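[1] Give the three-dimensional model of this entry:
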Amino acid sequence: MLVNATEMLLKARDGHYGVPQFNINNLEWTKAVLTACEEMKSPVILGVSEGAGKYMTGFKTVAAMVSAMVDSMGITVPVALHLDHGTYEGCKACVEAGFSSIMFDGSHYSIEENVEKTKELVALAHAHGMSIEAEVGSIGGVEDGVVGAGEIADPEECAKITALGIDFLAAGIGNIHGVYPANWKGLDFEALDRIHKATNNIPLVLHGGTGIPDEMIAKAISLGVSKININTECQLVFAEATRKYIEEGKDQQGKGFDPRKLLAPGAKAIEAKCKEKIELFGCAGKG
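    Numbers count the residues shown, from 1 in each chain. Coordinates of the predicted model:
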């Protein structure tokens, strides 16, 4: 059974560890993540971007598949199914589809409009027993070769959004999505500390967890980060393992072309990466 993410993140906040959000892209991805988390006895948040939801034929398909897999695989650790960087419409669709958690990314709206829309979605999510994440200060990234440094969120705006009753907050502290460029300046821990103090000890979220040095992750957790999002790193190891399998000609040996064999090394690589992150975040045995 799926659960919302509130309880697991409050426990993480109080226990000073991080809960992973691993984004999923298909059945193999989901199976690999769930297998790793069950083995390590770690709670997990399965993140689904709107693009991934569309790729998997819609949020209803995703919710049905994940619920059935949690059941069929006998998963005993807490699992939340969470919309990642949701639009206003996407959030409403995930409430309908049976997700257990949503993120509304209103960071590109004015603070007034972000407040208004977040307020409405908080009421809707809580009426359905779901948790809700909101964002202040957009997360940077590389788009068409242009590097966005990643905004530093304003603590006052963070306090305003937190006061609406959201369950956890994503605040920009210089983090970016994708692979970090060589000239990245690192996380702004002073900003994180100011945000943490302004938001009444709400669990904080670190987006763009791929490529942030381990010691920075550990420090972020000590300063109030309870959820760390990982996506690119799993994609990279999946691609690398799949390429190796094909370059070694294994797809041409016997029935090596069978998709169950062809995709197995990639799935194993995702599993190993998830276990590595669970160790780093300190959430092994917390499920």
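
[2] switch to C-alpha atoms for all contacts and neighbour counts from now on
    Fine.

[3] where along this protein do the helices fall?
    Taking DSSP state H as the criterion, the chain carries its helices at 6-15, 27-40, 50-55, 59-72, 88-97, 111-127, 155-162, 189-198, 214-222, 232-247, 259-262, 264-281.

[4] for the first one, packing partners?
    In terms of contact count using 3 or more C-alpha pairs under 8 Å, 6 or more residues apart in numbering; DSSP states H and E, helix 6-15 is assigned the packing partners strand 19-23, strand 225-230.

[5] Outside of that helix itself, list whatever touches it.
    Residues outside helix 6-15 that contact it (C-alpha atoms under 8 Å, 6 or more residues apart in numbering): 18-19, 43, 78, 131, 167-168, 203, 224-227, 283.

[6] Same question for the fifth one.
    The contact list for helix 88-97, computed with C-alpha under 8 Å, 6+ apart, reads 50, 59-60, 63, 83, 102-106, 117, 121, 125, 128.

[7] Tell me what angle it forms with helix 59-72.
    In this structure, helix 88-97 runs at an angle of 40 degrees to helix 59-72, with axes from the mean of the first three to the mean of the last three C-alpha atoms, to 10 degrees as the basis.

[8] Name the residues of helix 88-97 that are buried.
    Residues of helix 88-97 classed as buried: 88, 90-95, 97 (neighbour count, 16 or more other C-alpha atoms under 10 Å).

[9] And for the last one?
    If you call a residue buried by 16+ other C-alpha under 10 Å, then helix 264-281 has these buried ones: 264-275, 277-278, 280-281.

[10] tell me the angle that helix makes with helix 27-40.
    Using the same axes, to 10 degrees, helix 264-281 lies at 40 degrees relative to helix 27-40.

[11] Could you check how many residues crowd around Ser222?
    Using other C-alpha atoms under 10 Å, Ser222 has 16 neighbouring residues.

[12] from what I can see it touches Phe189, true?
    No: with contact taken as C-alpha atoms under 8 Å, Ser222 and Phe189 are classed as non-touching, separated by 10.5 Å.

[13] longest strand of this structure?
    In the chain, taking DSSP state E as the definition, the longest strand is strand 79-86.

[14] any idea of the mean pLDDT in that strand?
    This predicted structure assigns strand 79-86 an average pLDDT of 96.

[15] Please list the residues outside that strand that contact it.
    1-5, 43-50, 63, 66, 91, 94, 99-105.
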